[in-house]
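1. Sequence and predicted structure, then a few things I'm wondering about:
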Amino acid sequence: MATINQNYQKLPGSYLFSEIARRVAAYAQAHPDQRLIRLGIGDVTRPLAPAVTRAMHQAVDEMATAEGFHGYGPEQGYAFLREVIAREDYQARGADISPEEIFVSDGAKSDCGNIGDLFDRDNVVAVCDPVYPVYVDTNAMAGRAGDYDEGLGRWNRLVYMPCVAENGFSPAIPDRPVDLIYLCFPNNPTGAVATRAQLQAWVDHANRTGAVILYDSAYEAFITDPAIPHSIFEIEGARTCAIEFRSFSKTAGFTGTRCAYTVVPKDLVRGGASLNAMWNRRQCTKFNGAPYVVQRGAAAIYTPEGREQTRQTIAYYLNNARVIREGLAGAGLTVCGGENSPYIWARTPEGMGSWAFFDRLLQQANVVTTPGAGFGPSGEGYIRLTAFGGATDTAEAVERIRRIL
Ligand code: PLP
């Protein structure tokens with residue numbers, strides 16, 4: 001008889017966004033006359049840039065001809081996309097990354113989850129708290145997280161690095177040995193960014209101990225402060241200790257189009273093995289490449305008009321972020337994030353629990369947010385709002401929240 005991966009049985013009941021959806025659906029059903037504004041889930045709302053859709057239309061037309069038809073593409077991604085990524089996202093920023101170190105995929109979520117294939121079960125994993133739940137759950141599925149303690153809301157083999165107001169939402173280097181370190185900047189959910197000096201400390205630590213940093217920069221396009229690095233590979237020494245995940249989802253509205261990439265430097269070696277070669281082997285075995293049409297669309301982001309059009313969309317979201325940040329601060333809430341990030345992390349008033357504040361905002365302001373506790377124990381006492389809504393709705397949501405506070 002087939003036996004199952006028992007680690008799945010250990011996963012706590014409901015995924016955060018399912019529970020939110022359940023509460024929102026129940027409320028909406030009971031109050032059909034109320035118009036809800038959703039500033040909860042991190043999906044974008046602005047359309048794809050015209051430069052992107054034009055490139056995709058052209059690619060579709062190519063596919064309709066015998067000469068232009070593309071079947072299975074390279075598992076690592078087409079050279080035209082890998083080359084422009086290496087040049088524009090890395091070399092132009094002084095980061096020494098070559099096209100062979102870039103692996104195009106269908107999403108950073110899959111890559112963040114799949115990267116665990118390269119590491120054995122005994123690795124000790126460090127995650128930020130609060131955290132993007134995918135890092136935690138995929139390690140739990142692989143048996144690296146141990147057992148879940150419902151009371152504490154924690155896995156007993158994970159090392160949690162609290163990111164709280166006291167440390168400026170910047171994790172401290174763990175006081176015990178860890179092997180895999182997940183970092184995400186600009187951070188989901190807190191909106192915090194990391195300075196060059198902070199990232200240098202992580203890189204130096206990883207090189208000293210042999211740990212590998214799994215760096216998620218899915219939100220780098222929102223960085224406006226020129227002093228903040230966009231990539232871990234802008235930091236000296238990162239080529240021997242880091243892997244980076246990037247996505248076109250938030251950069252260019254690709255959440256439904258699906259395209260991302262992972263950077264695995266050739267200098268990253270553990271146990272005598274090249275992680276670049278291992279990831280290549282993994283992708284060639286389990287992945288058949290992102291669609292040609294989609295990769296043509298992604299490459300168009302790097303053209304002058306594609307750049308300008310995506311810049312305008314990011315500016316639109318960043319303006320929403322400012323409206324939320326300033327509006328909530330004006331209403332007396334303590335807020336952070338939303339400056340180099342589409343996420344605003346707001347402290348609940350009067351020490352209210354984050355699910356209680358979520359319910360209050362839902363029921364009294366008809367605004368959907370995300371309770372911070374869903375991202376880990378240190379998220380208790382916070383809610384996350386996202387800047388991905390429409391400008392008018394965002395302003396109205398902030399006004400409604402101000403009124404009930
Ligand atoms: N990484 C972080 C931190 C995210 O918040 C998200 C999406 O919300 C992703 C990765 C997933 O990106 P993708 O759409 O490329 O799978």
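-> Looks like it came in fine.
2. what's near enough to touch Y72?
-> 288-289 (Cβ atoms under 8 Å, 6 or more residues apart in numbering). Quick note: C-beta positions are derived from backbone N, CA and C, even for glycine.
3. State the distance from it to the ligand.
-> Using Cβ to the nearest ligand atom, to the nearest Å, Y72 is found at 22 Å from the ligand.
4. Could you look up the SS state of that residue?
-> Following DSSP: H, G, I helix; E, B strand; the rest coil, the label given to Y72 is coil.
5. Quick check, pLDDT for it.
-> Y72 carries a pLDDT value of 98.
6. Would you mind naming what in the stretch 251-400 of the chain lies close to the ligand?
-> 255, 260 (Cβ under 6 Å from any ligand atom).
7. Work out for me the element the closest residue to T348 other than its chain neighbours sits within.
-> Of all residues not flanking T348 in the chain, F357 sits nearest, at 4.1 Å (Cβ to Cβ, 6 or more residues apart in numbering). Using DSSP states H and E, F357 sits in helix 354-360.
8. how about that helix: buried residues?
-> Buried residues in helix 354-360, counted by 16 or more other Cβ atoms under 10 Å: 354-355, 357-358, 360.
9. ok, now stretch 374-384?
-> The neighbour-count check on stretch 374-384 (16+ other Cβ under 10 Å) flags 374-376, 378-384 as buried.
10. now swap in stretch 392-399 and tell me
-> For stretch 392-399, using 16+ other Cβ under 10 Å, the buried residues are 393-398.
11. Check what contacts that stretch and list those residues.
-> 37, 39, 320, 323-324, 327-328, 365, 367, 387, 389.
12. Helices of the stretch 101-250 of the chain, start to end?
-> All helices of the stretch 101-250 of the chain, identified by DSSP state H, counting those that start in this stretch, fall at 108-114, 133-141, 196-209, 248-252.
13. if we can go back for a sec, make JSON lines out of the buried residues of stretch 374-384 and add secondary structure and pLDDT.
-> As requested, those are exported to JSON lines (DSSP: H, G, I helix; E, B strand; the rest coil; pLDDT from 0 to 100):
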{"residue": "G374", "secondary structure": "helix", "pLDDT": "92"}
{"residue": "F375", "secondary structure": "helix", "pLDDT": "95"}
{"residue": "G376", "secondary structure": "coil", "pLDDT": "94"}
{"residue": "S378", "secondary structure": "helix", "pLDDT": "96"}
{"residue": "G379", "secondary structure": "helix", "pLDDT": "97"}
{"residue": "E380", "secondary structure": "coil", "pLDDT": "96"}
{"residue": "G381", "secondary structure": "coil", "pLDDT": "97"}
{"residue": "Y382", "secondary structure": "strand", "pLDDT": "98"}
{"residue": "I383", "secondary structure": "strand", "pLDDT": "98"}
{"residue": "R384", "secondary structure": "strand", "pLDDT": "98"}
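14. Reformat those as CSV; add distance to I4.
-> Formatted as CSV, the buried residues of stretch 374-384 follow (distance: Cβ to Cβ, whole Å):
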residue, distance to I4
G374, 26
F375, 28
G376, 27
S378, 32
G379, 31
E380, 32
G381, 37
Y382, 36
I383, 36
R384, 33
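15. out of the residues you listed, which one sits closest to A298?
-> Nearest to A298, judged by Cβ to Cβ, of these is R384 at 27.4 Å.
16. Pretty sure the closest one sits against V368.
-> No: judged on Cβ atoms under 8 Å, R384 makes no contact with V368 at a distance of 11.1 Å.
17. can you list residues touching both of those two?
-> Shared contacts of R384 and V368 (Cβ under 8 Å, 6+ apart): G40.
18. Strands of the stretch 251-400 of the chain, start to end?
-> Taking DSSP state E, counting those that start in this stretch, the strands of the stretch 251-400 of the chain run over residues 260-263, 269-270, 273-274, 335-337, 343-347, 367-368, 370-371, 382-386.
19. Please identify the deepest-packed of the ones you listed.
-> Per-stretch averages of neighbours, counted by mean count of other Cβ atoms under 10 Å, single out strand 382-386 among those, with a mean of 29.
20. Which of the contacts of stretch 392-399 fall in helices?
-> The members of the contacts of stretch 392-399 that map onto helices under DSSP state H are 320, 323-324, 327-328.
21. is it possible to export the residues you listed to a markdown table including pLDDT and neighbour count?
-> Shown next, in a markdown table, are the ones in helices among the contacts of stretch 392-399 (pLDDT from 0 to 100; neighbours: other Cβ atoms under 10 Å):
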| residue | pLDDT | neighbour count |
| --- | --- | --- |
| N320 | 98 | 26 |
| V323 | 98 | 19 |
| I324 | 98 | 27 |
| G327 | 97 | 20 |
| L328 | 97 | 22 |
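22. Name the member of those residues with the shortest distance to the ligand.
-> Closest approach to the ligand among the ones in helices among the contacts of stretch 392-399 (Cβ to the nearest ligand atom): N320, at 16.5 Å.
23. Please name the residues that touch that closest one.
-> Shown in contact with N320 (Cβ under 8 Å, 6+ apart): 342, 387-389, 391, 394.
24. Most neighbours among those, which one?
-> Within these, A387 tops the neighbour count with 28 neighbours, counted by other Cβ atoms under 10 Å.
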